[in-house]
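[1] Model the structure of this input:
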Amino acid sequence: MKGTLGRLGLPLRPGWLLGAAAAALLVLGAWRWAGGRRRRRRRLQRVGTVLSLFVYPVKSCRGVAVGRAQVTPMGLRSGELRDRFWLVTKEDGHMVTARQEPRLVLISVSCENGHLILEAPDMKSLRLPVKLPRKNPVQNCRVFGLDIQGRDCGDEVAQWITTFLNSEPYRLVHFEPSMVPRKSKDVINLFRTTDEVAYPDCCPVLIISEASLDDLNSRLEKKVKIQNFRPNILVTDCSAFEEDTWEEIVIGDVEMKGTVCCARCILTTVNPDTGVLDRKEPLETLKSYRLCDPSEQHIYKSSPLFGRYFAIDRTGTIRVGDPVYKMVQY
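    Next up, the predicted model:
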């Protein structure tokens, strides 16, 4: 003890003084530790309620509304349906979305007994196994300029999609857990190195509020649906565009971190009921009041913002009706 106190620069005193000094050091250390802890403490503030949950198994095809979903590091999952784990491609592997083939939004997807079921107007439904035979080749694909693999789903579904779209020959591929995902950071540098996706544009989860949709529709002659914007989570009981301000949120036992807003393109102008590409609305109206701050133009350029992307900090399960909380530091 004497040596320790000497090294701390305290004069050597009788035993009772040494004991008091040591106690004071312990109290000071505990106070500093507690102060540091207090600075990092957070409380939850309720900001909304989950109104709807959507999984989009095939990129650009119709979403599936679910009552509950697992939230994995790479997005929502309902049974064997995982968000954007299937992708339509050209024969050279480049992705095909509703930007090029708007009638993709008319293809409905469901799952039954380990099989993906595709349905579309004037087409017989088609079933294909979720778990593909190992003999099916693995294709090298390109999604927004980044390489990613997918196992080919076979000739029958390729012909089915090509026939429905009346298009050049297309293929369908499936992302498997053993494959290497895309890094969100390679799309937008603001993401963390741990944020990864299969075939989504850039992020595991997209959240939009009902109030934001209502605000937009109040400015439009022809109303649009939430399906125009393809969120994973639709939240009610909050104000318009409040979701833009959420940095860290908790839903159920899931924790998510806000990343960037969703920059919108002509995909929003595809009518989800007819598959017709308008090219103008609601995009033009969004541009009139939802452009980013000039300081953020290097991120969003001239695209209007609608919805916010969230990365996953803690996985778990979420349900329709769950409260949405934001974390507030104090």
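
[2] Show me the contact partners of stretch 97-115.
    Residues from elsewhere that reach stretch 97-115 (Cβ atoms under 8 Å, 6 or more residues apart in numbering): 57-62, 64, 79-81, 86, 88, 96, 116-121, 127-131, 161, 164-165, 167, 227, 265-267, 270, 272, 274-277. C-beta: built from backbone N, CA, C; applies to glycine.

[3] Show me which positions of that stretch end up buried.
    97-98, 101-109, 111 (16 or more other Cβ atoms under 10 Å).

[4] With stretch 206-226 instead?
    Neighbour counts using 16+ other Cβ under 10 Å place 206-213, 216, 224, 226 of stretch 206-226 among the buried residues.

[5] tell me which of those residues is nearest to V260?
    Distance to V260 across the buried residues of stretch 206-226 (Cβ to Cβ) is lowest for L206, with 10.7 Å.

[6] hang on, isn't the closest one packed against V235?
    No: at 11.3 Å, L206 does not count as touching V235 under the criterion of Cβ atoms under 8 Å.

[7] Just the strands from the stretch 201-330 of the chain, written as ranges.
    205-209, 233-236, 248-251, 254-263, 305-314, 316-319, 323-329 (DSSP state E, counting those that start in this stretch).

[8] so where's the chain shaky on pLDDT?
    Across the chain, residues meeting the criterion (pLDDT under 70) sit at 1-40.

[9] Where do the helices of the stretch 1-150 of the chain begin and end?
    With DSSP state H, counting those that start in this stretch as the criterion, the stretch 1-150 of the chain has helices at 2-7, 15-40.

[10] in the chain, which strand has the most residues?
    strand 42-55 (DSSP state E).

[11] tell me which strands and helices that one is in contact with?
    The elements that strand 42-55 packs onto, with contact taken as 3 or more Cβ pairs under 8 Å, 6 or more residues apart in numbering; DSSP states H and E, are strand 64-66, strand 68-72, strand 75-78, strand 233-236, strand 248-251, strand 316-319, strand 323-329.

[12] tally of neighbours for D122?
    Residues within reach of D122, counting by other Cβ atoms under 10 Å, total 6.

[13] Likewise for K131?
    By the criterion of other Cβ under 10 Å, K131 has 11 neighbours.

[14] go on, I266?
    14.

[15] ok, the nearest residue to L286 once chain neighbours are set aside - contacts?
    Closest residue to L286 apart from its sequence neighbours, by Cβ to Cβ, 6 or more residues apart in numbering: P304 at 3.7 Å. Going by Cβ under 8 Å, 6+ apart, P304 touches 263-264, 283, 286-287, 290-291.
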